[in-house]
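Chemist: could you look at this predicted model? Sequence included:
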Amino acid sequence: MARIAPYSEDQPPAPAPASTAKKTARMSMAPPTMEPEGSRSKSGCTWLRNCREACIESQTGQAVRKFLRGRPFSIVAMIALFLALFLGEIFVVCQVPSNTEQDVVLTIVFALFIFEWVGLTLTDANYLFGFFFVMDCVGTASMVLDITYMFGPDAMAVEEVTEGASQDNVIVVRAARAAKLGARAGRLSRAVKLLKMLPGMSTKEDASKVKIARVISNQLNTVLSTRVAFLTICVVVVLPLFQMLQYPEMDDSMGTWAELLDRNAAFFKQATNSTERLEQQTLLQTEVERMMTAYDSFSYGPFHVCYGDLSSSGTFECRNDLLNLNYTSKFSTPQRKASIREYSQEAIQVSFNLVVPKQEESAAGMGLLCFVVLVMCIFGLLMSQSISQVALLPLERMLSVVRQRCQQIFKYTTDLKDEEESEDEDDDDQELEQSSEFMLLEKVVKKLAAIAHLSSVAGEPEVKDNMTENEIMTLNWLQGASVANGRKMIEGEDEKSTSMAIPTPRGKEGLSAITGKIPANTLEELNTPDFNALSQTVELKIAIGTYVVWVHEGCLAWVRDNVPENTLFKFMTAVEAKYPSENPFHNFSHGLDVLYNVSRFCRLANLQSTFTETSQFWLLIAASGHDLGHLGVNNQFLVETTHEVAVKYNDRSPLENLHCAMLFQITNSSPDTNVFSNVDKDTYKEMRKGIIAAILHTDMVKHNEMIKELSLLYQMNSDALDSLKADGVVKSSAATTQTLMNALLHCADIGNPMKPWDLCYELAHLCLDEFFAQGDVEKERGIPVQVLNDREKVNRPNSQVGFIEFVICPMAESICNIFPQLDNLAHHLGINVQNWLQLWIDEASPPEEQTSKVSERVRRVVLRLKAVTREERNIPID
């Protein structure tokens with residue numbers, strides 16, 4: 001953006017750009033010799049330019065320019081413009097049989113426009129190649145589309161549609177009509193000048209303020225251009241509204257009737273005896289009468305049908321001597337032939353009366369033009385008032401205030417910058433004094449956006465007055481606090497932290513010996529949210545895990561080429577063996593469930609082509625082994641007891657680091673279980689990096705950080721994501737891809753509350769059983785009992801209400817915002833939180849006031865979840 005220097009009345013204006021300086025020189029009638037000779041020789045148009053400048057400076061040129069800019073000619077030009085815009089539509093509405101009168105008037109208007117365009121080009125220094133020059137040129141050229149003897153439509157010409165032809169000409173005609181309106185929009189802006197001629201609209205400039213008014217006048221062309229651009233947008237937006245009551249643009253019924261009658265006529269023509277001909281004639285007559293009856297309720301319809309022959313040249317010859325059809329139609333022959341549409345087939349021709357639709361279309365066009373003129377006048381009036389007001393204001397004082405305020409905002413936001421932004425601080429300071437006020441305002445907006453973002457994510461969930469004890473414990477658990485002493489126990493926690501289905505073979509066909517043991521009903525459940533890994537035997541769990549990876553559509557071809565099924569089966573067997581079966585919750589059933597969830601999320605969100613095949617494969621492998629070797633206790637317990645795993649991994653996500661290590665121990669321990677054996681070295685490094693990052697992000701310490709990242713990602717790309725166009729967003733960077741894959745795995749890991757109620761209820765109790773078992777151990781060892789672990793204090797249903805509100809609901813919102821196809825997660829979660837509320841009320845019988853407060857919070861959670869569904873966001877459901 002070019003710098004706009006502050007202007008002071010006490011000082012002369014700043015030097016104008018080169019182009020402006022040339023115009024000023026011309027307007028001051030500087031002799032041609034003032035221009036350097038070198039530039040003349042380089043231009044190649046010296047003679048024409050000198051002639052034009054001489055014409056501008058001559059008395060004749062000045063007189064012509066004064067005449068063209070004067071009030072009488074402006075009024076005549078406006079009348080000519082309205083004739084050019086409305087005359088053709090008026091002739092259609094009145095159904096004038098001929099275009100002769102229209103052609104005469106439009107020819108005069110066309111000549112007047114050419115005279116104005118040429119005259120201003122030769123006599124006005126600011127006109128050539130300016131905004132009005134281009135718009136007048138296009139608008140004048142568009143006149144040839146209305147004059148019959150040039151390229152305009154002939155009122156005496158019948159619209160013919162021969163066999164095999166489409167009705168694209170109808171759309172072309174309407175597109176041409178819209179193009180003409182847009183082309184003449186520039187000339188309509190001339191109507192603004194007429195407003196100055198109205199009584200009370202003329203203003204006299206104050207001599208003391210002429211300088212600043214002159215500065216503002218230099219911006220007038222830009223202001224007019226923006227207003228005309230707005231006008232064009234209005235035309236495009238409003239145009240369909242004026243066409244709602246007319247017949248469909250692609251009305252195939254007329255052509256279909258013609259084809260149907262032609263088929264019957266062909267049977268008549270092929271008849272070999274009189275009896276058969278009479279029978280076919282009766283059938284054809286019946287169809288004709290049926291067609292006439294079909295259009296009785298329409299404002300357009302057939303008025304003539306004849307039997308004959310279609311020549312190779314496209315002309316149709318009626319043969320009433322061979323077959324004369326009798327019919328009665330409520331439509332008559334239009335006087336204006338252009339309102340007739342003829343459908344000609346091999347043996348039949350049907351003529352339709354389109355008078356009313358043509359009139360409606362023209363009336364709609366005139367209504368549109370009236371709307372354009374109204375908008376033009378209103379905005380022209382506002383523009384005139386704005387310019388007058390701005391010309392009288394002390395702009396230099398206002399802009400100086402803007403600069404001061406911008407400097408203050410930059411000073412206040414210095415401490416809020418990230419490290420990367422602080423590196424660019426010096427550059428920003430250097431640019432501050434060199435930037436225009438508008439550039440400064442743009443920077444201010446960006447800074448304010450950064451402030452709003454940082455403010456919205458700065459704090460963790462707050463403790464509210466109406467929270468129960470169980471909910472406060474849930475909140476503290478999310479933040480990593482101890483109920484005993486309230487101190488942080490993890491050193492690293494304060495860091496910034498309608499779908500396609502699995503291709504199920506019919507019956508047992510297509511299944512290998514490994515997966516063939518899976519029951520058919522289980523295979524069907526894998527395509528629904530009702531799959532229950534807990535109800536399967538160990539052998540079936542291994543087979544199902546193998547099957548899910550083996551048939552996952554997003555990486556199916558790649559897996560078949562690079563991972564033998566037997567290797568995958570042995571890997572899954574080894575994984576199952578590393579999951580402690582004594583854990584109530586964190587066992588292989590949970591690992592299989594997360595694997596199934598991740599695969600299902602990818603299918604529901606149509607991510608088959610969004611993520612690469614290798615990425616989807618390693619995400620499934622990470623899902624299957626994300627809790628390998630789980631010790632049945634959480635990271636806080638390991639750190640508090642200085643467990644060897646916590647010591648080994650320096651208290652930083654010890655469990656998650658353990659899971660990663662055990663997963664790669666399985667793949668590296670034997671070629672039989674190495675699912676990466678056929679992967680090249682570079683790809684393996686990328687896979688290993690992605691798996692480690694995804695599993696480490698299943699640590700709940702990373703939860704809030706992940707929600708912030710997902711929320712920011714959605715805000716930055718909401719239009720694309722709401723349009724179900726996630727490909728560009730996901731593939732925008734490797735970091736974004738990794739973030740979304742981390743989120744999918746984390747969502748699948750903690751997504752039990754987003755399952756159907758029966759599964760949600762069962763899994764929640766198993767998880768709490770594991771928490772309570774850890775609490776019992778903590779009591780035995782005499783160490784502080786962590787939140788949610790004391791079976792004597794925690795109310796199961798109430799703890800789930802808080803867990804859903806503080807943890808799962810934000811995750812569901814973020815995931816559904818980015819992948820709207822997963823809105824069933826929010827749907828199930830809304831049902832489940834209400835069920836947990838009711839269970840809490842039934843079991844604990846809380847006071848009425850407390851019940852009311854918690855119920856209100858649950859209601860808000862349900863509303864939040866409903867707001868992210870596709871139905872509420874008006875996103876189409878496949």
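Modeler: Nice, I can see it.
Chemist: tell me which helix or strand the residue nearest to residue 517 when sequence neighbours are not counted sits in.
Modeler: The shortest distance from residue 517 to any non-neighbouring residue, by C-beta to C-beta, 6 or more residues apart in numbering, is to residue 543 (5.6 Å). In this view, the C-beta of every residue, glycine as well, is placed from N, C-alpha and C. Using DSSP states H and E, the element containing residue 543 is helix 538-551.
Chemist: next: residue 155.
Modeler: Taking DSSP H and E as the definition, residue 155 sits outside all helices and strands.
Chemist: contacts only, for it.
Modeler: If you count contacts by C-beta atoms under 8 Å, 6 or more residues apart in numbering, residue 155 has them with 91, 96-99, 148, 336-338.
Chemist: the next helix or strand after the helix holding residue 543 - contacts with which helices or strands?
Modeler: Downstream of helix 538-551, the first helix or strand assigned by DSSP H and E is helix 556-562. The contact analysis (3 or more C-beta pairs under 8 Å, 6 or more residues apart in numbering; DSSP states H and E) places helix 556-562 against helix 538-551, helix 613-624.
Chemist: buried stuff in the first one?
Modeler: Along helix 538-551, the positions that meet the burial threshold by neighbour count (16 or more other C-beta atoms under 10 Å) are 540-551.
Chemist: again with stretch 517-530
Modeler: 517-518, 522-523, 525-527, 529.
Chemist: one more: stretch 785-800?
Modeler: The neighbour-count check on stretch 785-800 (16+ other C-beta under 10 Å) flags 785-791, 794-800 as buried.
Chemist: from those residues, which is closest to residue 46?
Modeler: Lowest distance from residue 46 to those (C-beta to C-beta) belongs to residue 800, with 85.7 Å.
Chemist: surely that closest one touches residue 836?
Modeler: Yes: counting by C-beta atoms under 8 Å, residue 836 is a contact partner of residue 800 at 4.4 Å.
Chemist: re earlier: does the residue nearest to residue 517 touch residue 518 like I think?
Modeler: Yes: the pair residue 543 / residue 518 is scored as a contact, 5.4 Å apart, by C-beta under 8 Å.
Chemist: residue ranges with poor pLDDT in this protein?
Modeler: Low-confidence segments of the chain (pLDDT under 70): 1-45, 48, 130-132, 135, 163-251, 372, 376-377, 379-511, 878.
Chemist: which residues of it fall in strands?
Modeler: 159-162, 301-310, 316-318, 340-344, 348-353 (DSSP state E).
Chemist: which among those is found nearest to residue 673?
Modeler: Checking the strands of the chain against residue 673 by C-beta to C-beta gives strand 159-162 as the closest, at 69.9 Å.
Chemist: I'd say residue 624 and residue 545 touch.
Modeler: Yes: the pair residue 624 / residue 545 is scored as a contact, 5.9 Å apart, by C-beta under 8 Å.
Chemist: overlap in contacts of those two?
Modeler: Common contacts of residue 624 and residue 545 (C-beta under 8 Å, 6+ apart): 572, 575, 591-592, 595.
Chemist: returning to what we had before: same for the helix holding residue 543, what does it pack against?
Modeler: When contacts are defined as 3+ C-beta pairs under 8 Å, 6+ apart, helix 538-551 packs onto helix 520-525, helix 556-562, helix 565-578, helix 588-604, helix 613-624.
Chemist: elements contacting the longest one?
Modeler: Helices and strands touching helix 588-604, by 3+ C-beta pairs under 8 Å, 6+ apart, are helix 538-551, helix 565-578, helix 613-624, helix 734-749.
Chemist: for those helices, which one sits closest to residue 125?
Modeler: Minimum separation from residue 125 across these (C-beta to C-beta) falls at helix 734-749, 53.2 Å.
Chemist: list the buried residues for that closest one?
Modeler: Neighbour-count burial for helix 734-749 [16+ other C-beta under 10 Å]: 736-749.
Chemist: okay, the residues you listed in a markdown table with distance to residue 669 next?
Modeler: Shown next, in a markdown table, are the buried residues of helix 734-749 (distance: C-beta to C-beta, whole Å):
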| residue | distance to residue 669 |
| --- | --- |
| 736 | 34 |
| 737 | 30 |
| 738 | 27 |
| 739 | 31 |
| 740 | 31 |
| 741 | 26 |
| 742 | 26 |
| 743 | 31 |
| 744 | 28 |
| 745 | 24 |
| 746 | 27 |
| 747 | 30 |
| 748 | 26 |
| 749 | 25 |
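Chemist: domain assignment for this protein?
Modeler: According to automatic domain parsing, the chain comprises the domains 253-353, 395-457, 499-699.
Chemist: redo the ones you listed as a markdown table? Include distance to residue 824.
Modeler: Listed next are the domains of the chain as a markdown table, based on distance: least, C-beta to C-beta, whole Å:
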| stretch | distance to residue 824 |
| --- | --- |
| domain 253-353 | 41 |
| domain 395-457 | 27 |
| domain 499-699 | 7 |
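Chemist: which one of those lies closest to residue 361?
Modeler: For those, proximity to residue 361 was assessed by C-beta to C-beta; domain 253-353 is nearest, at 10.6 Å.
Chemist: quick one, which of the domains of the chain is packed in tightest?
Modeler: Neighbour counts (mean count of other C-beta atoms under 10 Å) averaged over each of the domains of the chain peak at domain 499-699, with a mean of 19.
Chemist: pretty sure residue 791 contacts residue 779?
Modeler: No: judged on C-beta under 8 Å, residue 791 makes no contact with residue 779 at a distance of 9.8 Å.
Chemist: beta partners for residue 160?
Modeler: Beta-bridge pairing of residue 160 under DSSP bridges involves residue 342.
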